[in-house]
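Participant: I'll drop the sequence and a predicted model, then ask my questions.
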Amino acid sequence: MPKREPLEFVCGLYDLQGKGEVPNPVYEDVFAQTSGGVLNALDSFMTTFCDGKDHGRIFEAVDKRRRNLLGVGVLTFKYEFLCLSQMLECGGLVVIVVSRGQIVKSVDTWEHGALAPRALDRDGARLLFAKGTVTVVINPEAGFLQYMVRPYPQRALRIAPALRGEEQQQPAPKHARSEELQPEPEPSPRVREMRALIRGARAALRPETAAPPPVSSK
């Protein structure tokens with residue numbers, strides 16, 4: 001794939017203009033400002049697309065990377081969304097980075113079980129998008145992140161079963177009464193710390209474009 005291609009390539013990539021019609025609309029919206037930081041962007045995306053039961057596991061993985069980088073580096077939008085992609089059981093995300101003039105700099109994905117991310121060419125990205133893979137477009141110079149997907153997911157994205165923990169994989173007894181079911185576990189101190197950082201970042205932000213309601217987690 002050439003290093004520099006217009007962002008229109010991203011839309012044309014998916015044959016949206018076939019026969020002059022778009023049989024299935026592409027849903028796209030801004031979900032975060034880059035000024036809010038990586039944690040805020042992840043939280044906004046997860047609130048829109050990911051099952052709430054998985055948020056704690058995802059934040060714990062992010063926090064581990066954040067702590068490992070203290071004093072030597074920082075979290076980046078591209079790598080953190082690729083790490084999230086690697087955790088998902090749906091086959092991952094398409095992560096696109098664009099620069100000034102909406103020039104596409106990179107198109108990547110990271111499937112669960114793969115050892116590293118992989119760059120996508122035109123056909124590879126088209127194939128994933130056609131399967132309904134959510135695409136994240138990171139535009140640092142314009143100051144926002146947006147998603148693109150077709151069709152809009154009817155169910156929340158889940159992390160892979162192996163990452164959910166044994167307590168989430170055990171089905172409830174068929175005849176268990178509702179009052180006997182275990183309550184949701186309290187978030188760990190690290191997850192509470194991450195959420196506090198996100199709230200602080202959001203407090204300093206200008207109003208963002210509203211995102212659609214989260215998809216159902218049922």
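Facilitator: Now that the structure is in, tell me what you want to look at.
Participant: in the helix or strand hosting Ser85, which residues are buried?
Facilitator: Secondary structure from DSSP states H and E places Ser85 in helix 77-87. Going by neighbour count (16 or more other Cβ atoms under 10 Å), the buried part of helix 77-87 is 77-87. C-beta coordinates here come from the backbone N, C-alpha and C atoms, glycine included.
Participant: quick one: the helices in the chain?
Facilitator: 8-12, 37-49, 55-69, 77-87, 122-130, 161-164, 166-169, 189-203 (DSSP state H).
Participant: tell me the contacts of the nearest residue to Thr109 once chain neighbours are set aside?
Facilitator: Excluding the flanking residues, the one nearest Thr109 by Cβ to Cβ, 6 or more residues apart in numbering is Gly92, at 4.8 Å. Going by Cβ atoms under 8 Å, 6 or more residues apart in numbering, Gly92 touches 85-86, 109-112, 128, 133.
Participant: between these, which has the most around it?
Facilitator: Among those, the one with the most neighbours (other Cβ atoms under 10 Å) is Ser85, at 24 neighbours.
Participant: that residue contacts Trp110, doesn't it?
Facilitator: Yes - Ser85 is within contact range of Trp110, at 4.5 Å (criterion: Cβ atoms under 8 Å).
Participant: what do those two both touch?
Facilitator: Residues touching both Ser85 and Trp110 (Cβ under 8 Å, 6+ apart): 92-93, 117.
Participant: and which of these is nearest Gly71?
Facilitator: Checking these against Gly71 with Cβ to Cβ, the nearest one is Pro117 at 24.8 Å.
Participant: nearest spatial neighbour of that closest one, skipping sequence neighbours?
Facilitator: In space, and not counting its chain neighbours, Pro117 is closest to Trp110: 4.1 Å by Cβ to Cβ, 6+ apart.
Participant: over to Glu141?
Facilitator: Arg100 (5.1 Å).
Participant: need the pLDDT of the one you found.
Facilitator: At Arg100, the model reports a pLDDT of 74.
Participant: what about it, how many residues close to it?
Facilitator: With neighbours defined by other Cβ under 10 Å, the count for Arg100 comes to 9.
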